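Chemist: Starting from these lines, generate the structure:
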Amino acid sequence: MTKYGAVSVDRLSTIMRTILRQLHKLGEDGPVALTNGLTVGGEWKVLKKLGEGGCGAVYMVENVKDLRKAALKAESNFVEGGSVLKLEYNYGNQILPYAQILTKLKGKKHVPELIHAGKKEKYQYMVMSLLGDSLCDVLKSCGKQLTISTQLRLGVHVLHGLKQIHDSGFVHRDIKPANLALGNRDGGTDPNFIYVLDFGLSRSFVVEEEGVQVLRKPRKHALFRYCRILSSDGHPIRSNDQYRGFGTTRYCSADANEKKDQGRVDDLWSMLYVMVELRGKLPWSNLHDKKELAAAKRAVDDNTLFSKCPNQLRDFAAHLRILDYWTRPDYLLLYKSLTDGMTEGGYKFSDPWDWQGKIKDGSSKGSSLKSLSLKRNKSSKGVKKSAKDKTTDLPDEHPFNDDDFATNPLGF
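Modeler: Here you go, the predicted structure:
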């Protein structure tokens with residue numbers, strides 16, 4: 001019998017038929033094959049697919065009763081280790097799935113709102129507020145280098161979003177351009193603000209001991225999670241080279257590259273690397289090996305890393321270097337370092353973003369997720385919009401204040 005390597009042709013044909021059969025079984029009820037017009041959960045009509053990942057897909061949906069638009073994220077029930085949507089997270093004595101994390105974060109600024117969640121035979125889903133383009137998509141319309149004004153203001157937004165998440169007892173663990181998005185008018189979110197999304201890798205760093213919340217002890221080794229789609233009898237239906245890794249090695253901290261447990265400081269390193277990349281390529285952008293990436297991040301000097309950035313980012317990095325898993329970041333100090341850079345450069349929060357006028361209202365595609373505008377309940381001078389530029393209402397001159405970054409609800 002003819003052989004192909006160590007596997008017979010007949011065996012390969014059987015494997016291919018099994019793969020096709022399993023993909024067909026997912027059908028229109030599957031996470032990556034929800035057909036336009038399908039109604040999920042009795043009230044959410046699928047309008048179009050927004051994107052697809054290693055384990056599932058995100059769709060724009062519309063409520064059949066009030067016509068409001070939202071995002072629906074669906075993932076297969078046949079993911080090895082369990083769907084990301086139902087990954088378990090220890091928070092005190094409770095086990096919190098993805099949906100419950102969003103519930104815990106409800107009302108926080110820069111965090112998506114969970115509207116509905118459910119489970120079907122072959123997939124489970126969450127309906128969330130609709131956001132606009134991801135930062136990854138936006139950057140394609142702006143070229144390879146953004147202005148320092150946009151860089152610093154974006155940093156303030158993301159810093160505030162991360163503080164909200166950290167104050168709720170979680171670390172995000174996957175900050176990257178694809179997980180940051182503009183608001184969307186159709187979804188009720190503010191196109192002038194940057195929202196943090198996708199909590200598939202988030203983990204609690206807080207536990208409860210004798211009725212008191214304390215910092216969770218870090219694990220000695222924390223591996224990246226990988227996604228494989230399984231058949232109903234538990235066998236993989238994707239080959240090894242198609243496995244998708246969660247977490248992005250380019251933006252994670254050197255400690256994360258070395259498989260150390262991530263804390264609040266690691267989210268901030270990821271944020272800083274995203275900010276640096278807004279001005280040009282990261283020095284390790286062509287590396288893929290985790291050990292090489294960790295070595296490159298530890299070896300790079302500030303003159304190289306921040307060559308196109310304001311000096312205040314060096315101060316930001318200097319603070320991160322004195323932190324470890326156990327130490328709470330000084331968010332107020334970091335906020336002031338970014339706003340000092342804005343003051344020095346003469347930048348204002350009311351400055352247009354680099355992408356304004358190049359994309360449609362921050363909502364040309366729609367991503368996941370409704371959060372709250374950070375505008376204060378006070379009058380704003382604003383800026384008049386021309387007939388050609390109807391992108392957004394510009395934010396207040398000071399959409400944040402010191403208290404937004406100084407509070408410490410956890411106490412540690």
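Chemist: Verify the stated contact: S270 with C252.
Modeler: Yes - the pair S270 / C252 is scored as a contact, 5.8 Å apart, by C-beta atoms under 8 Å. Yep, even glycine has a C-beta here, placed from its N, CA and C like the rest.
Chemist: The stretch 1-150 of the chain: helices as residue ranges?
Modeler: Secondary structure of the stretch 1-150 of the chain (DSSP state H, counting those that start in this stretch): helices located at 9-26, 98-104, 135-142, 148-167.
Chemist: What's the separation between K358 and L67?
Modeler: Computed as C-beta to C-beta, to the nearest Å, the K358 to L67 distance reads 29 Å.
Chemist: and what of K259?
Modeler: From K259 to L67 the distance is 47 Å (C-beta to C-beta).
Chemist: now swap in D301 and tell me
Modeler: 55 Å.
Chemist: likewise L114?
Modeler: With distances taken as C-beta to C-beta, L114 is found 20 Å from L67.
Chemist: residue ranges with poor pLDDT in the chain?
Modeler: Counting by pLDDT under 70, the chain shows low-confidence ranges at 1-32, 53-55, 79-97, 223-247, 359-397.
Chemist: Grab the nearest non-local neighbour of the residue nearest to the spatial centre of it.
Modeler: Ranked by distance to the mean C-alpha position of the chain (C-alpha atoms, centre = their mean), the top residue is N179 at 2.7 Å. Spatial nearest neighbour of N179, chain neighbours left out: D198 (4.5 Å); criterion: C-beta to C-beta, 6 or more residues apart in numbering.
Chemist: Same check on K308?
Modeler: R279 (4.0 Å).
Chemist: Dump the helix or strand harbouring L333 to PDB, keeping only the CA atoms.
Modeler: Assigned by DSSP states H and E, L333 belongs to helix 331-345. What follows is helix 331-345, C-alpha atoms only, in PDB (Å, rounded to 0.1, in the frame of the first residue of the first chain):
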ATOM      1  CA  TYR A 331      -0.900  55.100  38.500                       C
ATOM      2  CA  LEU A 332      -1.000  58.800  39.400                       C
ATOM      3  CA  LEU A 333       2.800  59.100  38.800                       C
ATOM      4  CA  LEU A 334       2.400  57.400  35.400                       C
ATOM      5  CA  TYR A 335      -0.500  59.600  34.500                       C
ATOM      6  CA  LYS A 336       1.400  62.700  35.300                       C
ATOM      7  CA  SER A 337       4.400  61.500  33.300                       C
ATOM      8  CA  LEU A 338       2.100  61.300  30.200                       C
ATOM      9  CA  THR A 339       0.300  64.600  30.800                       C
ATOM     10  CA  ASP A 340       3.700  66.300  31.500                       C
ATOM     11  CA  GLY A 341       4.700  65.200  28.000                       C
ATOM     12  CA  MET A 342       1.400  66.700  26.700                       C
ATOM     13  CA  THR A 343       2.100  70.000  28.500                       C
ATOM     14  CA  GLU A 344       5.700  70.100  27.200                       C
ATOM     15  CA  GLY A 345       4.600  69.500  23.700                       C
END
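Chemist: packing partners for it?
Modeler: Applying 3 or more C-beta pairs under 8 Å, 6 or more residues apart in numbering; DSSP states H and E, one finds that helix 331-345 contacts helix 148-167, helix 312-321, helix 403-406.
Chemist: Of those, which stretch is the most buried?
Modeler: helix 148-167 (a mean of 23; mean count of other C-beta atoms under 10 Å).
Chemist: ok, then the element right after that helix?
Modeler: Heading C-terminal from helix 148-167 (DSSP H and E), you reach strand 170-171.
Chemist: Name every strand pairing with that following strand and say which way it goes.
Modeler: strand 203-204 (antiparallel) (DSSP bridges).
Chemist: Now do the buried residues in the helix or strand following the partner strand.
Modeler: From strand 203-204 onward toward the C-terminus, using DSSP H and E, the following helix or strand is strand 206-209. Buried residues in strand 206-209, counted by 16 or more other C-beta atoms under 10 Å: 206-207.
Chemist: Mind listing residues that contact the helix or strand that strand 206-209 is followed by?
Modeler: For strand 206-209, the succeeding helix or strand toward the C-terminus, using DSSP H and E, is strand 212-215. With C-beta atoms under 8 Å, 6 or more residues apart in numbering as the test, strand 212-215 has contacts from 92, 169, 205-208, 326, 410-412.
Chemist: what would those residues look like in TSV with distance to G132?
Modeler: Shown next, in TSV, are the contacts of strand 212-215 (distance: C-beta to C-beta, whole Å):
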residue	distance to G132
G92	35
G169	28
F205	30
V206	32
V207	36
E208	38
W326	37
L410	31
G411	36
F412	36
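Chemist: Just the closest of these to L72, please.
Modeler: Of all these, L72 sits closest to G169, with 26.8 Å by C-beta to C-beta.
Chemist: Quick check: the closest residue to the closest one other than its chain neighbours vs D198, distance?
Modeler: Leaving aside its sequence neighbours, G169 sits nearest to V206 (C-beta to C-beta, 6+ apart; 3.7 Å). According to C-beta to C-beta, V206 and D198 sit 21 Å apart.
Chemist: Got the phi and psi for K176?
Modeler: Backbone torsions of K176, given as degrees, to the nearest 10, read phi -160, psi 170.
Chemist: That one contacts V274, correct?
Modeler: Yes - the criterion here is C-beta under 8 Å, and K176 meets it with V274 at 6.5 Å.
Chemist: distance between stretch 169-186 and the chain's centre?
Modeler: Relative to its chain's centre, stretch 169-186 lies at 3 Å (C-alpha atoms, centre = their mean, to the nearest Å).
Chemist: same thing with stretch 199-215?
Modeler: On C-alpha atoms, centre = their mean, the centre of stretch 199-215 falls 20 Å from that of its chain.
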